[in-house]
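Chemist: next input, structure requested:
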Amino acid sequence: MSSEASDKHLNRLESKKVSESIVPSPDHPLPEMQLEPPTEPLVPEPRVSINPEAENPPWSGLDLVIIGLVLLAALFFFSAIFFMLALHESQSSGTSATEFSRTPGPQIIVPSMTLAYFVMLGAMYGLVKRQRRRPFWQAVGWHWPSGWWLGYIVFGSILAVGLGELSRVLPIPKSLPMDRFFQNRQGAYLMMFFGVAIAPFAEEMLFRGFLYPVLDRWLETLFMTPQRIRRGCVWILIMAGWGYLEHHLPIAWSLLLAAVAFLGTAAFFVAQNLRSRGMQAHFMLLPGAALVAWALASRSIADHAFGSATAGFVVLACLLGVVSTASPVDVSAAGRWGRAVAVLITSGGFALVHGEQLGQAWGPLLLLFMIGLVLTLTRVVTRSITPGFLIHVGYNLTLFTLLYLGTDHFRHLERMTQ
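Modeler: Residues are numbered from 1 along each chain as shown. Prediction:
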């Protein structure tokens, strides 16, 4: 046999052995292979491009809710203290505690609000410094105008005079709840100090410094993703129904239900995110914190204002539902839409905060909305809260100056209702 034939024979023998070795037999069964069903790859949510001109605050929506809760808690605490002090001094006049609580004067409101605002500003400072990204004043947009800064104060004075003329054609009640703060000269001077030196700075920090940047950035990303718009629409309707329930329940049941809703919402989001790639804590707690905040707000505002806010929620949800049916928009269009809604919400919130002082009358509330609109647009154009603060100071200073002169140095406060 030639060498070539022997090589072919050996190859056949080796192939036969290999084939026999892989044939299963009772003594040597083949191992079972574990076949896993194919899994669909996780498709991460596409990253949303953010307009470089959008606001980029180092705080989140939850931080904003925390600041609001801190303000409410501080206001309740200091109001209770000054109420007890004032009640102790008024016991000699025979004033009952019930009657005294219905008409708290500026001796209670002004120091309570002043100290509560200081606590709020301290909470703001702590939240911003915790991030360690930017200095506090740079983060909130406090940039003193380099030019003629007195021009903003003058503009605020012109705005006060112009809106005063506009108020002549609006249904402004002759008597407002805030008139009780001007019963005597001491109260008038306290309100003048608060309205010029304290309120403009604190309110600009809260609304234009903290609230507006969060809304601007969040709403821009919202308008670029229709799925998020639909989620927001559902959440707004939930908030409207939730507020209606909390507003009509007894206070004990209202607080208990708010606590249960917060814990239940937080537990639900924690469970949902443990099964996925996880989410930051503030995203899990924000829905529950929003429920608690709106529950407290719905308890503290009058029926008329609450009805208007609920109607606003429903209208906003309907508008968002219509927008969600359209195709996604580009970054620039989403930025314009989000900024416009952020300006309107900020201005509306600024007006509603003063609603109790104005008896929920729509004429004064409309004027305050217009003032808030001017202040917020100033913040948008200048990207700074300082010009709005100066306009705010000029506006309030003009109003109190006219009141001071019109009442003969606060000697004849009865002229306010004439």
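Chemist: low pLDDT regions in the stretch 51-200 of the chain?
Modeler: Applying pLDDT under 70 to the stretch 51-200 of the chain picks out residues 51-53, 89-104.
Chemist: tell me which stretches of it form helices.
Modeler: Under the criterion DSSP state H, counting those that start in this stretch, the stretch 51-200 of the chain contains helices at 61-90, 97-102, 106-131, 136-140, 150-166, 185-193, 199-203.
Chemist: which one of those lies closest to residue 241?
Modeler: Among the helices of the stretch 51-200 of the chain, helix 61-90 comes nearest to residue 241, with 19.6 Å by CB to CB. To be clear about C-beta, it is placed using only N, CA and C from the backbone, and glycine gets the same treatment.
Chemist: follow-up on the earlier one: deepest in the core, which of the helices of the stretch 51-200 of the chain is it.
Modeler: Mean neighbours per residue, mean count of other CB atoms under 10 Å, is largest over the helices of the stretch 51-200 of the chain for helix 199-203, with a mean of 20.
Chemist: then that helix to CSV, C-alphas only?
Modeler: Output of helix 199-203 as CSV, limited to C-alpha atoms (Å, rounded to 0.1, in the frame of the first residue of the first chain):
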residue,chain,number,x,y,z
ALA,A,199,-40.8,92.0,50.5
PRO,A,200,-39.1,93.0,47.1
PHE,A,201,-35.9,91.2,47.9
ALA,A,202,-37.5,88.0,49.3
GLU,A,203,-40.2,87.8,46.6
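Chemist: thinking again about what came up before, in JSON lines: the helices of the stretch 51-200 of the chain, plus distance to residue 324.
Modeler: Putting these into JSON lines (distance: least, CB to CB, whole Å) gives the following:
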{"stretch": "helix 61-90", "distance to residue 324": "20"}
{"stretch": "helix 97-102", "distance to residue 324": "46"}
{"stretch": "helix 106-131", "distance to residue 324": "32"}
{"stretch": "helix 136-140", "distance to residue 324": "32"}
{"stretch": "helix 150-166", "distance to residue 324": "37"}
{"stretch": "helix 185-193", "distance to residue 324": "46"}
{"stretch": "helix 199-203", "distance to residue 324": "33"}
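Chemist: so which of those is nearest residue 378?
Modeler: Residue 378 lies closest, by CB to CB, to one member of these: helix 150-166, at 8.1 Å.
Chemist: residue 214: which of the helices of the stretch 51-200 of the chain is closest?
Modeler: Nearest to residue 214 among the helices of the stretch 51-200 of the chain is helix 61-90 (5.5 Å), distances taken as CB to CB.
Chemist: and the closest one, what does it pack against?
Modeler: If you count contacts as 3 or more CB pairs under 8 Å, 6 or more residues apart in numbering; DSSP states H and E, helix 61-90 packs onto helix 97-102, helix 106-131, helix 212-223, helix 281-300.
Chemist: quick one on the thing from earlier: please identify which of the helices of the stretch 51-200 of the chain is closest to residue 364.
Modeler: helix 150-166 (10.2 Å).
Chemist: what is the closest one packed up against?
Modeler: Using 3+ CB pairs under 8 Å, 6+ apart, helix 150-166 sits against helix 362-382, helix 386-406.
Chemist: what is the last one packed up against?
Modeler: The one in question is helix 386-406. helix 150-166, helix 185-193, helix 199-203, helix 362-382.
Chemist: and the gap between residue 395 and residue 370?
Modeler: Going from residue 395 to residue 370 by CB to CB, to the nearest Å gives 11 Å.
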